[in-house]
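1. need coordinates for the following:
(one chain, ligands or ions: 1)
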Amino acid sequence: MQDNSIIILQSHQFLKHPANVDSINALRDVLHFHEHRYYVLDEPLISDFEYDTLFNQLKEIEKNNPELITPDSPTQRVGIGLSEDFNEVKHLVPMLSLENSYDANDLKDWDRKVKEFIEADEVEYVVEPKFDGGGISIIFENNIFTRGATRGDGSVGEEITNNLKQLRSIPLSADFLKNKIRKIEIRGEVIIPNEKFKKINQQRVENNLPPFANPRNAATGGLRMKDPKEVAQRGMEAFLYHVSFCEDKNGNDALRKIITHHSQAIETIDKLGIRSSFSVLSVCKNIDEVIAKCNEWEAKRNSLDYEIDGMVVKVNSLILQEKCGYTAHHPRWAIAYKFAAKQATSTLLNIEYQVGRTGAITPVAKIEPVPLAGVTISSISLFNEDVIREKDLMIGDKVLIERSGDVIPYIVKSLADARNCSEQKIIFPAQCPSCNSTLTKPNEEAVWRCVNVNCPAQSVERIIHFVSKDAMDVKGLGEANIRKFFEMGIISDIPSIFKIDFEKISTLDGFGEKSINNLKAALEACKQQSLNKLIFGLGIRFVGEGTAKNLERTIHHLFDLKEKSVEELLQIGDVGNKVAASIFEYFHSDENLKMLNELQQIGVNMEAKIEGDSSTKKFSGLTFLFTGTLPTLSRSKAEEIAEANGGAVLGTVSKKLNYLIVGADAGSKLEKAQKISSIKIIDEAEFLKLVND
Ligand code: IVH
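-> Residues are numbered from 1 along each chain as shown. Now for the predicted structure:
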């Protein structure tokens, strides 16, 4: 392959002036290069739309000059990039990709072709989201989930059965049409919801791991994790959207006979408890209805809680699908309608450094404003210094940026080949941009920190976190107002929000009598907020909402935490060494204790009362962990029952665990628990007996 810079230059030339017969080899090289960047390195240098434009040029030239088609042409291949770590398995039916369309005209052209194939005036279509995650195929034999695989190269995938068994959206068994079906292969996509994705990245940054660029990467990476237990923690979900193979009890093809329509196939699997596209698909009478649906979804795309990168339109009747048939690469009966490009290029103008509530310094890239997927992007978080180095960023660089759904945009990489020597190295500051104290970076951490507890920037962030929705939930005190009040000296720390000079703020724009009264009421109401919300709101490092709840369960009053030794803290639910040390440190800081005393005097609730007094509850002081598939209860329902009865739910097996409740296909948690004699291993029925006795 040629030098990168020549290939990049050629890509842009072909985008401006389409290739011709003489340049067909150069165009193939360009496409090979971009496929490698996308599929193997996961570092694309051009947008999907630009890639498709180049690919279509090649297709067009080859169509007019079939003698020039070579066996290794990108048009002759379905996909690439297999890992060597998992067993390879052949799909029962090749997993083809879809042809792309970008506007109403493309869809109308496709509709015309479909009608020609099936010789009809109208065709019924199904429109559903194009989920942006990792493609999978699953097989059920005699109603049992027997094999799961990644898409791989389309004909051979990687066997990831154990990993897929961790996904709640796929049941381990399902009765297909009252035992009429012997074997069925279903296709779908594994995604990570945006909220979960943000939390995964926050945690990765806290744990000094590089953040994932987007939910798709987190999902495809998650599918191929070595340890299925970790898969369970990644919060992946599956949407199944295609039945590709279905055989009845006598070994006859059941598609088009027992199952006649795509919508019926999806409804059938949905009713069996397999998460599918059923709830989001629409049956459309004609292509105009299809176009309207695509527009409707494009408008609401950013408000969904998971990523979609377009819509997929399918002929509904399976008999008509068969009539349309397939090309070597994709079905003729389906087409992807791709939403506006999510990638763009811009220029890195500057780096700003933000100080978080725990003193972490986050570099933020200021870029030349660029419109992308419905919004204008001008700043992008870079998480930490390592990200700047890994992406090889310099001020003045051309950068490739991507924005997926409502997920914060990110810099894919700098286009180093486009440099002209005027770019400047990024020098991470040695002093806090807010209070000027010297920054520190403890060993093994990726993050630089300001350790001055009186740093003004940290104080503001602490207040913002304290009043936030998941913490004390003070309505009417948004981030912008907190910053304004802080700058004006109206507030200075957490207790000061309860002493706001309302006379002073009544002179500000947007603060009429009504909003002031609302704010007064919200501040008064938040004094009665539950203790776990207060603990979470204090922003103690590593104490998330779950830990805050576990802490509340073990105390009567917030100040009980002052008395706990590190060893005692380690006995609590999910508290490990790092968390225990952080809680201990927090409650042994004079500054923090002074602030907590002030909050107590103000009347902020510090009494523990998770659902009444947890110490009088049946499971008070007991810990539970659920593993495997329970016969009747979902995992979340079972955990809810344990918690409602005063129990604490743990994430891992340790000596702190009292009960392990085991369902079907329990794995290593069971093995580990069997080695610890104090853990009682019970099934769902015994657990329910404990609850009801
Ligand atoms: S149908 C035979 N439906 O998009 C065709 N695919 O770019 C079966 N995808 O390879 C595919 N959402 O991995 C279909 N609702 C959906 C989809 C979907 C996402 C993926 C799939 C496919 C790729 C094509």
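
2. spatially nearest residue to residue 235 (excluding sequence neighbours)?
-> residue 196 (3.9 Å; CB to CB, 6 or more residues apart in numbering). (C-beta placed from N, C-alpha, C; glycine too.)

3. which strand or helix spans the one you found?
-> Per DSSP states H and E: residue 196 is located in helix 194-206.

4. hang on, the earlier thing: the residue nearest to residue 235 reaches residue 222, doesn't it?
-> No: counting by CB atoms under 8 Å, residue 196 stays clear of residue 222, with 10.7 Å between them.

5. mind checking which of the two has more residues around it?
-> Counted by other CB atoms under 10 Å, residue 196 and residue 222 do not tie: residue 222 has more neighbours, with 26 against 18.

6. quick check, pLDDT for the more buried one.
-> pLDDT recorded at residue 222 is 92.

7. ok, the closest residue to it other than its chain neighbours - contacts?
-> What sits nearest to residue 222 in space, not counting adjacent residues and going by CB to CB, 6+ apart, is residue 234, at 4.2 Å. Residue 234 is in contact with 192, 200, 218-219, 222, 225, counting by CB atoms under 8 Å, 6 or more residues apart in numbering.

8. quick one: name the residues of the protein near the ligand.
-> 96-98, 128, 130-131, 135, 187, 189, 241-242, 277, 312, 331, 334, 336 (CB under 6 Å from any ligand atom).

9. mind listing the helices for the stretch 551-693 of the chain?
-> 560-563, 566-570, 577-586, 590-602, 635-644, 668-674, 684-692 (DSSP state H, counting those that start in this stretch).

10. make JSON lines out of the ones you listed and add distance to residue 482.
-> Putting these into JSON lines (distance: least, CB to CB, whole Å) gives the following:
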{"stretch": "helix 560-563", "distance to residue 482": "26"}
{"stretch": "helix 566-570", "distance to residue 482": "31"}
{"stretch": "helix 577-586", "distance to residue 482": "22"}
{"stretch": "helix 590-602", "distance to residue 482": "17"}
{"stretch": "helix 635-644", "distance to residue 482": "32"}
{"stretch": "helix 668-674", "distance to residue 482": "43"}
{"stretch": "helix 684-692", "distance to residue 482": "44"}
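
11. about what we covered before: could you point out which element follows the helix holding residue 196?
-> With DSSP H and E, the next secondary element past helix 194-206 is helix 215-223.

12. other SSEs contacting that following helix?
-> In terms of contacts (3 or more CB pairs under 8 Å, 6 or more residues apart in numbering; DSSP states H and E), helix 215-223 is packed against strand 134-141, helix 161-164, strand 181-191, helix 194-206.

13. any idea how far the helix holding residue 196 is from the chain center?
-> Helix 194-206 sits 8 Å away from the centroid of its parent chain (CA atoms, centre = their mean, to the nearest Å).

14. ok, how many other residues are close to the closest residue to residue 413 other than its chain neighbours?
-> Sequence neighbours aside, residue 391 is the residue nearest to residue 413 in space, at 5.2 Å (criterion: CB to CB, 6+ apart). The tally of other residues near residue 391 (other CB under 10 Å) stands at 21.

15. tell me the contacts of residue 391?
-> 382, 411, 413-414.

16. and these as CSV, adding neighbour count?
-> Formatted as CSV, these follow (neighbours: other CB atoms under 10 Å):
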residue, neighbour count
382, 23
411, 22
413, 20
414, 20
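
17. quick one: the strands in the stretch 51-200 of the chain, in order.
-> Under the criterion DSSP state E, counting those that start in this stretch, the stretch 51-200 of the chain contains strands at 88-90, 100-101, 125-131, 134-141, 144-150, 156-158, 181-191.

18. one step back: which ones among the contacts of residue 391 lie within strands?
-> Judged by DSSP state E, the subset of the contacts of residue 391 located in strands is 411, 413-414.

19. name the nearest of the residues you listed relative to the ligand.
-> The ligand lies nearest to residue 413 out of the ones in strands among the contacts of residue 391, by CB to the nearest ligand atom, at 22.9 Å.

20. wait, that closest one sits on residue 401?
-> No: using CB under 8 Å, residue 413 makes no contact with residue 401, being 9.5 Å away.

21. what is the end-to-end distance of stretch 639-648?
-> Using CA to CA, to the nearest Å, the end-to-end distance of stretch 639-648 comes to 9 Å.

22. chain center to that stretch: distance?
-> Taking CA atoms, centre = their mean, the mean C-alpha location of stretch 639-648 is offset from the chain mean by 27 Å.

23. ok, now stretch 593-603?
-> 38 Å.

24. tell me the contacts of the residue of the stretch 551-693 of the chain found nearest the ligand?
-> With CB to the nearest ligand atom, the shortest gap between the stretch 551-693 of the chain and the ligand falls at residue 634, namely 24.9 Å. Under the criterion of CB under 8 Å, 6+ apart, the neighbours of residue 634 are residue 168.

25. next, residue 314: secondary structure please.
-> Under DSSP: H, G, I helix; E, B strand; the rest coil, the three-state class of residue 314 is strand.

26. what's the nearest residue to residue 676 if we skip its chain neighbours?
-> For residue 676, ignoring the flanking residues on the chain, the nearest one in space by CB to CB, 6+ apart is residue 655 at 6.0 Å.

27. surely that neighbour and residue 675 touch.
-> No: using CB under 8 Å, residue 655 is not in contact with residue 675; the gap is 10.6 Å.

28. from the ligand, how far off is residue 421?
-> Plainly put, residue 421 is 40 Å away from the ligand if you go by CB to the nearest ligand atom, to the nearest Å.

29. number the chain from 43, please
-> With 43 as the first residue, the last one maps to residue 463.

30. surely that residue is within a strand?
-> No: assessed with three-state DSSP, residue 463 is coil; it does not lie in a strand.

31. excluding covalently adjacent residues, which one is nearest to the residue most central in space within the chain?
-> With distances taken as CA atoms, centre = their mean, residue 239 lies nearest the centre of the chain, 2.9 Å away. Distances taken as CB to CB, 6+ apart put residue 257 closest to residue 239, at 4.3 Å, once the chain neighbours are dropped.

32. could you double-check that that neighbour lies in contact with residue 351?
-> No: contact between residue 257 and residue 351 fails when scored by CB under 8 Å: they sit 11.0 Å apart.

33. doesn't residue 410 fall inside a strand?
-> Yes: when classified by three-state DSSP, residue 410 is found to be part of a strand.

34. how about it, what does it touch?
-> Contacts of residue 410 were listed using CB under 8 Å, 6+ apart, and they are 388-389, 391, 420.

35. and the gap between the residue nearest to residue 455 and the ligand?
-> Remark: distance between residue 433 and the ligand (CB to the nearest ligand atom) = 27 Å.

36. residues near residue 185, how many?
-> Using other CB under 10 Å, residue 185 has 17 other residues around it.

37. could you point out which element follows the helix or strand of the chain with the lowest mean pLDDT?
-> Of all helical and strand segments in the chain, the minimum by mean pLDDT, DSSP states H and E falls on helix 270-275, at a mean of 77. Using DSSP H and E, the helix or strand that follows helix 270-275 towards the C-terminus is strand 279-290.

38. kindly export that next one (C-alpha atoms) in PDB.
-> Below are the C-alpha coordinates for strand 279-290, written out as PDB (Å, rounded to 0.1, in the frame of the first residue of the first chain):
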ATOM      1  CA  GLU A 279     -28.800  -4.800  25.100                       C
ATOM      2  CA  ALA A 280     -29.900  -6.600  21.900                       C
ATOM      3  CA  PHE A 281     -32.400  -5.700  19.300                       C
ATOM      4  CA  LEU A 282     -33.200  -8.600  17.000                       C
ATOM      5  CA  TYR A 283     -34.500  -7.600  13.600                       C
ATOM      6  CA  HIS A 284     -34.300 -10.500  11.100                       C
ATOM      7  CA  VAL A 285     -35.100 -14.200  11.000                       C
ATOM      8  CA  SER A 286     -32.700 -15.600   8.500                       C
ATOM      9  CA  PHE A 287     -33.300 -19.300   8.800                       C
ATOM     10  CA  CYS A 288     -36.200 -21.300  10.200                       C
ATOM     11  CA  GLU A 289     -36.700 -25.000   9.900                       C
ATOM     12  CA  ASP A 290     -39.800 -27.000  11.100                       C
END
